[in-house]
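Colleague: sequence? don't have it. structure:
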């Protein structure tokens, strides 16, 4: 099996399994209780909070654990606004979690503006800056695109926001960037940053939101008052501790894998350009993370190719795995993918757990599948 | 170690660890993707949904997975109302998740009324019925009290609601009842029912909400459209599958342990009545689940007793472990606990994983601790 859908989710690290075992089976106590076992669980959460904060250059008090990256995005967009109106700017290539929240804000009376993106999915800085008005209350630009791996220069974008609209909050969905692209949230001057565990080999069902000290969130889940009263529920101690370990291990392992991924990606692109006609590589090399190779093939349906590769034991994505078809269309439109290519989008995403040669093997199978399918269509 | 805080959380079943391993490490694929591995993950979630539904007497399509019982309560109270005003009735002994949502509804303009409870924490049916007005839009009464184990006859309460205010929705927080008290949500005529994994030996970070077919929920987490669009986020496949297994195993094991718990509880109560003066047993035998023994000691602080028992390796709770001190006070007031007893509340909760004799051993240690502390106070 060759797994090339690491942007959709990742295999959990073996080391995280031991953490789950420890906290679900041994130190399983409720951190809100008052006996020694419960205090140990509470300490474990506190320690995990500090470790996640360290990876972000944040203070532990600025980290709120959530159940997912989507939940973190929802909290950032829907719980942070004090003013009842004003402009909200999000990039045109945001993940559905941010996009749908922006639509909800529009319904609530805010003016929502979409910042256009380049063909590879990054925000166009100049056009972005033109959108910044004094009444802007919130800006959300993803750090790395989940569709193409395009890296946004969020430090520069945040600086532009703070200069033109000093009262606006700047949020970045860091789900695809976390542990792959370095970030220091304080130095970058951003107010909120979302991340998800299962994209970095932690279990599914845990995420976090960085919220800069001084930014007040209204509660998202009401109840016992956990997570500073913002998100009540018994803490997912095991998941939280596994997330803390995963972000340390993923940081190291992804850094170590980076040169190999870059080399393999370059070879793969060269191979594809030579062997598939009418192909557009959407992930622009240098501007996108090397783990991403998103492409569009003319006149062939991406879903068909996914199934053909599946038959060979190769798993690849078609656009965002966490979204519906309508999201795929929205993104294709934002990137300006021509109609005859839009149905043929594929996303091959490598991670630190891929073996050498996985990507090229998949590209060979892909080229063969495209040839076969085009021949079939012609008949 | 003797663990008597099973109402706060439980040790995860060993069998669930194997499920986590399987879905986090082997079938770790994103259920929204389109290759065979992803379809297998999708099937696993579908199967888990059917199994949880079966335990509730519901259809699979009526189950929404959440990250916690608190989240399920929030969805039920905050996402189900179509009318903008009207009466909302909740019991005076609800968990903070329901109580805080009721307060939020009051803030939004609903008239919130608290149904009084008996000294053991059950809703007083007669007084409850008097509160039912034609403009009632929502009623929420917990199935089993997390404080005392009091069982509410939700079938009778729901019938009264449907008779007097046919358009009102009936929600029940089943977090403490699930797998301990039999429930058939269709036969009981209730519209929504919350449950949590970690109270029944599943991992923390997973729960569910039953929502009767025809009841429409507005989205709680916006994004990719998972869980029928109500709660977007990549499914916590491993947690969901562990929850399905746990509810089957817990059902069997709790049923098997029930006679023993009943016998031990009766002995424990008798022992405490004989050996501690100025004691109130809040959990009334017969009216409360046998796993609960909540009591209040005059003139001694519950927290001090928790620490004294902790020194002996015995873990017991003081009121709801998922709530703050203010919640403890609210509940003590609802139960009518006299002031001089209110600070001395303790909650001993047994489960199917307790060894025979755990409860009596704890009661012996408790009686000794009370004697010691009272002697110390007198000096």
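Modeller: In hand now; what should we look at? Only a predicted model underlies this, so the values are computations on that prediction, with no experimental measurement involved.
Colleague: for chain B, what are the nearby residues on the stretch 201-350 of chain A?
Modeller: A:203-206, A:219, A:221-226, A:232-239, A:303, A:306-307, A:309-310, A:315-318, A:320-324, A:327 (CB under 8 Å from any CB of the partner chain). For every residue, glycine as well, the C-beta is placed using N, CA and C.
Colleague: just the buried members of the residues you listed?
Modeller: Buried members of those, scored by 16 or more other CB atoms under 10 Å in any protein chain shown, are A:203-206, A:219, A:221-226, A:232-239, A:306, A:309-310, A:315-318, A:320-324, A:327.
Colleague: the residues you listed in helices, which ones?
Modeller: A:237, A:238, A:239, A:306, A:309, A:310, A:327 (DSSP state H).
Colleague: nearest to residue B:46 among these?
Modeller: Using CB to CB, the shortest approach to residue B:46 within those belongs to residue A:310, at 19.2 Å.
Colleague: buried stuff in the helix or strand of chain A with the lowest mean pLDDT?
Modeller: Least confident element among the helices and strands of chain A, by mean pLDDT, DSSP states H and E: helix A:325-335 (a mean of 84). Buried residues in helix A:325-335, counted by 16+ other CB under 10 Å: A:327, A:328, A:330, A:331, A:332, A:334, A:335.
Colleague: how many neighbours does the closest residue to the first one other than its chain neighbours have?
Modeller: By the measure of CB to CB, 6 or more residues apart in numbering or on different chains, the closest residue to residue A:327 outside its immediate chain neighbours is residue A:96, 4.9 Å from it. Residues near residue A:96, counting by other CB atoms under 10 Å in any protein chain shown, number 24.
Colleague: residue A:96 against residue B:226, yeah?
Modeller: No: Residue A:96 is beyond contact range of residue B:226, at 10.1 Å (criterion: CB atoms under 8 Å).
Colleague: which strands or helices does the least confident helix or strand of chain A pack on?
Modeller: helix A:96-107, helix A:339-342 (3 or more CB pairs under 8 Å, 6 or more residues apart in numbering or on different chains; DSSP states H and E).
Colleague: how far does the last one sit from its chain's centre?
Modeller: For helix A:339-342, the gap between its own C-alpha mean and the chain's C-alpha mean amounts to 25 Å (CA atoms, centre = their mean, to the nearest Å).
Colleague: again, but for stretch A:186-196
Modeller: Chain-centre distance of stretch A:186-196: 13 Å, with CA atoms, centre = their mean.
Colleague: do you know the pLDDT at residue A:321?
Modeller: pLDDT for residue A:321: 53.
Colleague: so for stretch A:41-56, what gets flagged as buried?
Modeller: Neighbour counts over stretch A:41-56 (16+ other CB under 10 Å) mark A:41, A:42, A:44, A:45, A:48, A:49, A:51, A:52, A:53, A:55, A:56 as buried.
Colleague: so the first one, which of the three states?
Modeller: Translated: residue A:41. Taken by DSSP: H, G, I helix; E, B strand; the rest coil, the conformation at residue A:41 corresponds to helix.
Colleague: pull out the buried residues from stretch A:258-268.
Modeller: Buried, per 16+ other CB under 10 Å, within stretch A:258-268: A:261, A:264, A:265, A:268.
Colleague: what does stretch A:174-185 give?
Modeller: Across stretch A:174-185, burial judged by 16+ other CB under 10 Å covers A:174, A:175, A:176, A:177, A:178, A:179, A:180, A:181, A:183, A:185.
Colleague: will you turn these into JSON lines that also has secondary structure?
Modeller: Listed next are these as JSON lines, based on three-state DSSP:
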{"residue": "A:174", "secondary structure": "coil"}
{"residue": "A:175", "secondary structure": "coil"}
{"residue": "A:176", "secondary structure": "coil"}
{"residue": "A:177", "secondary structure": "coil"}
{"residue": "A:178", "secondary structure": "coil"}
{"residue": "A:179", "secondary structure": "coil"}
{"residue": "A:180", "secondary structure": "coil"}
{"residue": "A:181", "secondary structure": "coil"}
{"residue": "A:183", "secondary structure": "coil"}
{"residue": "A:185", "secondary structure": "helix"}
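Colleague: just name the closest of those residues to chain B, please.
Modeller: residue A:175 (10.1 Å; CB to the nearest CB).
Colleague: from residue A:335, how far out is the closest one?
Modeller: 19 Å (CB to CB, to the nearest Å).
Colleague: related to what we said a few turns ago, inside strands: which ones of the buried ones among the residues of the stretch 201-350 of chain A next to chain B?
Modeller: A:315, A:316 (DSSP state E).
Colleague: give the rounded mean pLDDT of stretch A:131-148.
Modeller: Taken as a whole, stretch A:131-148 has a mean pLDDT of 98.
Colleague: so which bits of it are buried?
Modeller: Buried residues in stretch A:131-148 (16+ other CB under 10 Å): A:131-132, A:136-148.
Colleague: one more: stretch A:19-28?
Modeller: Using 16+ other CB under 10 Å as the test for burial, stretch A:19-28 gives A:19, A:20, A:21, A:22, A:23, A:24, A:25, A:27, A:28.
Colleague: first vs last residue of that stretch, how far apart are they?
Modeller: 11 Å (CA to CA, to the nearest Å).
Colleague: so that stretch, near chain B or not?
Modeller: Yes: using CB under 8 Å from any CB, stretch A:19-28 reaches chain B at A:20, A:21, A:24, A:25, A:28.
Colleague: tabulate those residues in TSV, adding columns for distance to residue A:359 and secondary structure.
Modeller: Output for those, formatted as TSV (distance: CB to CB, whole Å; DSSP: H, G, I helix; E, B strand; the rest coil):
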residue	distance to residue A:359	secondary structure
A:20	30	helix
A:21	33	helix
A:24	35	helix
A:25	38	helix
A:28	41	coil
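Colleague: out of those residues, which one sits closest to chain B?
Modeller: residue A:24 (3.9 Å).
Colleague: test my guess that that closest one contacts residue B:18.
Modeller: No: with contact defined as CB under 8 Å, residue A:24 does not reach residue B:18; the gap is 11.9 Å.
Colleague: domain assignment for chain A?
Modeller: A:2-8+A:256-378, A:14-248 (automatic domain parsing).
Colleague: so which of the ones you listed comes closest to residue B:68?
Modeller: Using CB to CB, the domains of chain A put domain A:14-248 closest to residue B:68, at 3.5 Å.
Colleague: now do the same end-to-end measure for that closest one.
Modeller: One end of domain A:14-248 sits 14 Å from the other (CA to CA).
Colleague: ok so, going back, show me the buried residues of stretch A:258-268 that map onto helices.
Modeller: Among the buried residues of stretch A:258-268, the members found in helices (DSSP H) are A:261, A:264, A:265, A:268.
Colleague: between these, which is closest to residue B:10?
Modeller: Scanning these for proximity to residue B:10, where the rule is CB to CB, the winner is residue A:261, at 42.5 Å.
Colleague: what sits closest to the closest one if chain neighbours are left out?
Modeller: Nearest to residue A:261 is residue A:290, by CB to CB, 6+ apart, at 4.4 Å.
Colleague: the strands in the stretch 101-250 of chain A, which residues?
Modeller: Along the stretch 101-250 of chain A, counting by DSSP state E, counting those that start in this stretch, strands occupy A:111-115, A:136-140, A:169-173, A:192-196, A:207-211.
Colleague: of all these, which one is nearest residue A:86?
Modeller: Closest to residue A:86 of the strands of the stretch 101-250 of chain A, according to CB to CB: strand A:136-140, at 3.7 Å.
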